[in-house]
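Enquirer: Below is the sequence, then the predicted model.
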Amino acid sequence: MPKCRFAYAAAFVSLISFILAAAANAADTVASQLTCSATGTPPMETVEPVTERPTCKDGQVLSFDQNGVIRYACFNPPLHATSSKSKWPLIVYLHGSMTTPDSLYRDGRSLFELSRDYSLSKHAGTKGFILLAPEGRRAKAWASDGPHTGTGFHWDEWQRDPTKNLDVQAIDHFIDQVVATGLVDAKQIYVFGWSNGADMAVLYGAWRSDRIAAVGQYAGTDPWQRTPCPVNMPQGRQVPLTLLRNMCDALATCSETTSWSSTLEQQNWPLRRVNLTLDGKEDGPNAQCAQVCEKPRGLYEHIRWPQKAVLADEMLEFFKQHPLP
């Protein structure tokens with residue numbers, strides 16, 4: 001792999017920060033503190049400050065008080081939305097661990113750009129889509145038998161009881177708030193997540209299958225099998241899923257995403273699996289996991305996003321094909 005590939009500039013800085021944060025907190029929340037239940041772990045332990053107001057550089061900040069904690073989200077309607085009687089699809093973006101909603105305007109810039117004029121709507125002539133990016137909470141991630149990101153912003157994917165999961169309830173609140181504007185096409189509400197957010201996206205889609213049309217995962221795996229407390233996948237509507245995965249990934253490993261997609265295929269799940277090259281392009285359906293996946297490359301691939309064309313041609317086109325029944 002040419003060294004020039006690793007002249008990351010800003011991406012390299014982000015990578016180093018990610019590694020240091022993970023290493024510094026690797027001993028947080030040890031297994032000896034844990035008692036598993038039928039719904040996984042207890043709620044994750046938050047740390048102060050639990051949330052922080054995002055900048056939402058190109059959007060509007062939404063907020064509400066949840067049991068004494070201010071929850072935040074970034075809201076971005078299409079520029080022309082307020083001057084039209086049309087309704088727009090909504091994509092809920094769930095950020096990865098150690099990041100915030102502001103990653104939408106940095107790492108996820110290509111998705112943000114597509115929201116301006118991509119024809120996602122099932123109604124001809126309606127261009128663009130609404131983006132909603134809620135914020136997780138600063139907490140101690142549960143240690144597992146895989147990579148451990150420690151203390152930072154997370155979605156509580158380990159606690160799989162939607163009636164008790166405060167992150168699920170926060171996402172509910174923000175979706176309700178955006179729907180109340182009258183701008184949202186209720187048949188086209190989608191969830192897309194990255195890393196820890198990708199796992200939460202699948203959980204949320206399953207728990208809100210009457211509302212979520214389809215789900216997109218980037219660098220995510222099977223959230224039901226997430227250690228230290230794996231649980232059985234629930235029954236219910238098979239919410240269509242597009243899985244964007246790397247052939248070398250230090251955190252959502254290629255073997256894990258292969259196993260996850262195989263589980264879904266065995267159940268005849270509506271699934272599109274997209275394999276990605278080192279630079280985030282589509283690698284074709286027959287791509288194989290990298291035989292050698294060194295940690296620096298695996299971390300780099302985990303934090304660099306798929307290219308804009310992949311998001312458009314694979315994920316957004318899949319979403320468009322799968323409005324809510």
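Expert: Received, thanks. Numbering: from 1, shown residues only.
Enquirer: use CA for all of it now, contacts and neighbours both
Expert: Will do.
Enquirer: For the longest strand that the chain contains, name the packing helices and strands.
Expert: Longest strand in the chain, counting residues (DSSP state E): strand 184-194. On a contact count with 3 or more CA pairs under 8 Å, 6 or more residues apart in numbering; DSSP states H and E, strand 184-194 meets strand 88-94, helix 196-207, strand 214-218.
Enquirer: what's the angle between the last one and strand 184-194?
Expert: Per axes from the mean of the first three to the mean of the last three CA atoms, to 10 degrees, the angle that strand 214-218 makes with strand 184-194 is 20 degrees.
Enquirer: CA atoms of whichever helix or strand comes after strand 214-218 as CSV?
Expert: Next helix or strand after strand 214-218 toward the C-terminus (DSSP states H and E): strand 241-246. Extracted in CSV, the C-alpha atoms of strand 241-246 (Å, rounded to 0.1, in the frame of the first residue of the first chain):
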residue,chain,number,x,y,z
LEU,A,241,-30.7,-2.5,5.3
THR,A,242,-27.7,-1.3,3.2
LEU,A,243,-24.4,-2.2,4.8
LEU,A,244,-21.3,-0.3,3.7
ARG,A,245,-18.3,-2.1,4.9
ASN,A,246,-14.5,-2.0,4.6
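Enquirer: need the next SSE after strand 241-246, C-terminal direction.
Expert: In N-to-C order, the element after strand 241-246 by DSSP H and E is helix 254-266.
Enquirer: Now do that next one, average pLDDT.
Expert: Averaged over helix 254-266, pLDDT sits at 97.
Enquirer: Please enumerate residues in contact with the following helix or strand past that helix?
Expert: As assigned by DSSP H and E, the chain's next helix or strand after helix 254-266 is strand 271-276. Residues outside strand 271-276 that contact it (CA atoms under 8 Å, 6 or more residues apart in numbering): 240-247, 261, 264-265, 282-285, 287, 306, 314, 318.
Enquirer: let's see 10 Å
Expert: Residues from elsewhere that reach strand 271-276, judged by CA atoms under 10 Å, 6 or more residues apart in numbering: 214-218, 238-248, 254, 257-258, 261, 264-265, 281-289, 301, 305-307, 310, 314-315, 318.
Enquirer: Isn't Leu120 up against Leu311?
Expert: No - assessed by CA atoms under 10 Å, Leu120 is found out of contact with Leu311, at 11.8 Å.
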